[in-house]
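J.: predicted model follows, preceded by the sequence.
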Amino acid sequence: MNGYFIAAGTLLVLSLFVHTIAGNRFYSAARPDPRTATPKACEAWLMGRCGVQLITTDLTLAATFVLLLGAGVIPRNRWLEVFLLVQFGGWMVLWLVSLAAEKAEKRAYLRLCQWVLFLLVALLIGLGM
């Protein structure tokens, strides 16, 4: 058993539920009205909506593999662990870079704090390695 991986996997499962419920509500509320919005705005929203579902798959697979590694159900695999570490570390960095590139207000860093989850998961995976 690897407690760090179990903790990281648990955070990912919790975030998957939040992502699925709150994320769908949030994104549905942002849907442009096709009668008044430009076709490009509707297409951009739809592309983002599809992207949200890709994140659902990523979170599901990552949570599954982190928990399986942590519970010892599958053998430790250094490359899988490195992949997961780089994935969440990369998500954290790119999230922060995106906020900075958009010149987000300081409070956006707190309101859109998914980067903290990515940091915690990356740290837990790194500690468990």
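T.: Perfect, thanks for sending it.

J.: alpha carbons only for contacts and neighbour counts from here, please
T.: Fine.

J.: show me what whichever strand or helix holds Met92 is packed up against.
T.: Here Met92 sits within helix 78-101, counting by DSSP states H and E. Packing partners of helix 78-101 (3 or more CA pairs under 8 Å, 6 or more residues apart in numbering; DSSP states H and E): helix 106-111, helix 114-128.

J.: mean confidence (pLDDT) on the last one, please.
T.: This predicted structure assigns helix 114-128 an average pLDDT of 97.

J.: what's next to that helix, contact-wise?
T.: 2-5, 7-9, 11-12, 81, 84-86, 88-89, 91-93, 95-96 (CA atoms under 8 Å, 6 or more residues apart in numbering).

J.: pull out the buried residues from the lengthiest helix in the chain.
T.: Longest helix in the chain by number of residues (criterion: DSSP state H): helix 39-71. Across helix 39-71, burial judged by 16 or more other CA atoms under 10 Å covers 42, 45, 49, 52, 56, 59-60, 62-70.

J.: can you list the low-confidence ranges for the chain?
T.: The model of the chain has no residue with pLDDT under 70.
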